[in-house]
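K.L.:
Model the structure of this input:
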Amino acid sequence: MKLSNDLLVLELKVDMMGTPTVIHPIVILDGEAGHTLVDTGFPGMEGAIEQALAEVGVSMKDIKQVIITHHDLDHIGSLPAVVEASGAPVWAPTREIPFIQGKEWPQKMPPQEKTAELLADPQTPPHIRALLAMPHVKAKVNRALQDGEVLPLAGGVRVVMTPGHTYGHMSLYLERTKTLIAVDTLGSRAGRLSQPHPAVTADWATAARSVEKLTELDVQTIVTYHGDVVHEDAGAQLRRVATEMAAQS
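P.N.:
Okay, the predicted model is just below:
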């Protein structure tokens, strides 16, 4: 789905924890600086990404940098394969780099001893067992991104650190089109913005402050990773969710 001359939203179908769903990696389009892929889906999704790109006349070799917003498996899963196919460097927020490079245990995984116990327990549900048994994905990060930094892509892409979902979760703001790539900071459905899912939000109070921080932006469009695109009164919807989350913190 092409939102503008600067932004392409990929729609990739996936079975997540036993439930069919759609995830939305992003391509920031820039004919001069090269295109940028934001997040890479689960392991084994590189073929689906390549096919989605081909449908709009873009190849893996046209991807000149890959941005990872945070370390969760549905965002970094196909990173090594994408890097191999594109040759692109990887950019990521500083706090997430040790996880992406495999130097720290994944944030959302149980501790190593607990993981071993769950894998050995015959009562562990099959979809949980499959997730725990997946090989840990890691890749080299070439550039650390900082809060407030404006990347020279598509008229200016501002880095906005939005921790809460993970320690170093990051959103992106396209200044020219006033588009917020909220990733997992927010949810949405049928054009209505919603709070993030509590079960996968590591620190709710921090997440609420991150959403409040986003209300400082002049936002016309919001894209979430799990959900869809929010066009109608996007700024007002963002302020509504921020108020709701603040009341629950």
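K.L.:
can we go C-alpha only for contacts and neighbour counts from here?
P.N.:
Noted.
K.L.:
hmm, which helix or strand of the chain has the shakiest average pLDDT?
P.N.:
Of all helical and strand segments in the chain, the minimum by mean pLDDT, DSSP states H and E falls on strand 2-4, at a mean of 73.
K.L.:
quick one: average confidence on the helix or strand just after it?
P.N.:
Per DSSP states H and E, strand 2-4 leads on to strand 7-9 as the next helix or strand towards the C-terminus. On average, the pLDDT along strand 7-9 is 94.
K.L.:
Mind listing the strands strand 7-9 pairs with, and their directions?
P.N.:
Partners of strand 7-9 in the sheet, by DSSP bridges, are strand 2-4 (antiparallel), strand 26-28 (antiparallel).
K.L.:
just these: most buried one?
P.N.:
Burial of these is given as mean neighbour count (mean count of other C-alpha atoms under 10 Å); strand 26-28 ranks first at a mean of 23.
K.L.:
I'd like the distance between the closest residue to residue 233 other than its chain neighbours and residue 154.
P.N.:
The shortest distance from residue 233 to any non-neighbouring residue, by C-alpha to C-alpha, 6 or more residues apart in numbering, is to residue 220 (7.2 Å). To residue 154, residue 220 is 16 Å away according to C-alpha to C-alpha, to the nearest Å.
K.L.:
still on that earlier bit, just send the strands paired with strand 7-9 back as CSV, with distance to residue 150 too.
P.N.:
Compiled in CSV, the strands paired with strand 7-9 are given as follows (distance: least, C-alpha to C-alpha, whole Å):
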stretch, distance to residue 150
strand 2-4, 19
strand 26-28, 14
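K.L.:
Relative to residue 169, which of those is closest?
P.N.:
Distance to residue 169, taken as C-alpha to C-alpha, is lowest for strand 26-28 among the strands paired with strand 7-9, at 15.7 Å.
K.L.:
Please name every helix or strand in contact with the helix or strand just after the closest one.
P.N.:
Downstream of strand 26-28, the next assigned helix or strand under DSSP H and E is strand 35-38. Under the contact criterion of 3 or more C-alpha pairs under 8 Å, 6 or more residues apart in numbering; DSSP states H and E, strand 35-38 touches strand 26-28, strand 63-67.
K.L.:
Mean pLDDT and distance to residue 228 for those - can I get that in JSON lines?
P.N.:
Converted to JSON lines, the helices and strands packed on strand 35-38 look like this (pLDDT from 0 to 100; distance: least, C-alpha to C-alpha, whole Å):
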{"stretch": "strand 26-28", "mean pLDDT": "96", "distance to residue 228": "12"}
{"stretch": "strand 63-67", "mean pLDDT": "97", "distance to residue 228": "20"}
